[in-house]
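**Student:** Have a look at this fold, sequence not included:
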Ligand code: 13P
């Protein structure tokens, strides 16, 4: 049995003060919940506050990106060592918004993923097709390409902590959720690819999350599918009650 992981991606929302206020409301709502792993990924500026207030709780803190070098002249970037130094344990890599708006490529996703794994962080590596690709029947090809390139030159041993998130771009922030059947199909493609690259045992324990307009109303239909190992939640994770309802689907 793979333990499900329910992760919040706050994107560019909330100040440190708002972060503290969120956890004041959220932690009591999920206290004692150990069926699933819970992770919240706020903006960099909020990480210290988030780590501080979640200490000794059942909630882990993740970042939304990581650079592949430990340090250097890379204005605006943050390294894995820096994240570890403030108590961060998880990191999102290759989110479609990074790919769409900030020039992230399959190759830089691979570098970031390697750096995260190398450092001991748990990476949540995002893949997913855009609407035109789905309509052109290219979904499987896109997922396969993104996985092969992201996993390039990483051993199964190094990849032990890897988590993948399937986030169809057409479902992100649009209110259009992929049906559990669409998700299960995409997850099967990803798991097959992981089998090719890392082997069967690895692929059998790999957690593949779904992201894209997950809400309290649709969480249980998605999470009850055996093939869906959790969720990466954007908009609906910004409100404590709504994210708690998703966690407790
Ligand atoms: P929404 O839940 O707002 O659609 O965002 C999904 C997402 O991009 C999570 O990383």
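**Tutor:** The structure has been received and is ready for your questions. Since the structure is predicted, the reported quantities are computational estimates derived from the model, not experimental observations.
**Student:** alpha carbons only for contacts and neighbour counts from here, please
**Tutor:** Will do.
**Student:** Packing partners of the particular helix or strand that has residue 181 in it?
**Tutor:** Using DSSP states H and E, residue 181 maps to helix 180-198. Counting contacts by 3 or more CA pairs under 8 Å, 6 or more residues apart in numbering; DSSP states H and E, helix 180-198 is packed against helix 139-150, strand 163-166, helix 200-205.
**Student:** What residues sit buried inside it?
**Tutor:** Buried residues in helix 180-198, counted by 16 or more other CA atoms under 10 Å: 180, 183-184, 186-187, 189-195, 197-198.
**Student:** Same question for stretch 150-169.
**Tutor:** Of all the residues in stretch 150-169, those buried under the rule 16+ other CA under 10 Å are 150-152, 154, 156, 159, 161-169.
**Student:** now swap in stretch 86-103 and tell me
**Tutor:** 87-96, 99.
**Student:** Out of the helices and strands packed on helix 180-198, which one sits most buried?
**Tutor:** With neighbours defined as mean count of other CA atoms under 10 Å, these peak in mean count at strand 163-166, which reaches a mean of 24.
**Student:** Show me the contact partners of that one.
**Tutor:** 122-128, 183, 186-187, 206-211, 231-232 (CA atoms under 8 Å, 6 or more residues apart in numbering).
**Student:** which ones among those are found in helices?
**Tutor:** 183, 186-187 (DSSP state H).
**Student:** Out of these, the closest to the ligand would be?
**Tutor:** The ligand lies nearest to residue 183 out of these, by CA to the nearest ligand atom, at 13.8 Å.
**Student:** picking that back up, farthest-separated two in the buried residues of stretch 150-169?
**Tutor:** The span of the buried residues of stretch 150-169, defined through CA to CA, is set by 156 and 169 at 27.7 Å.
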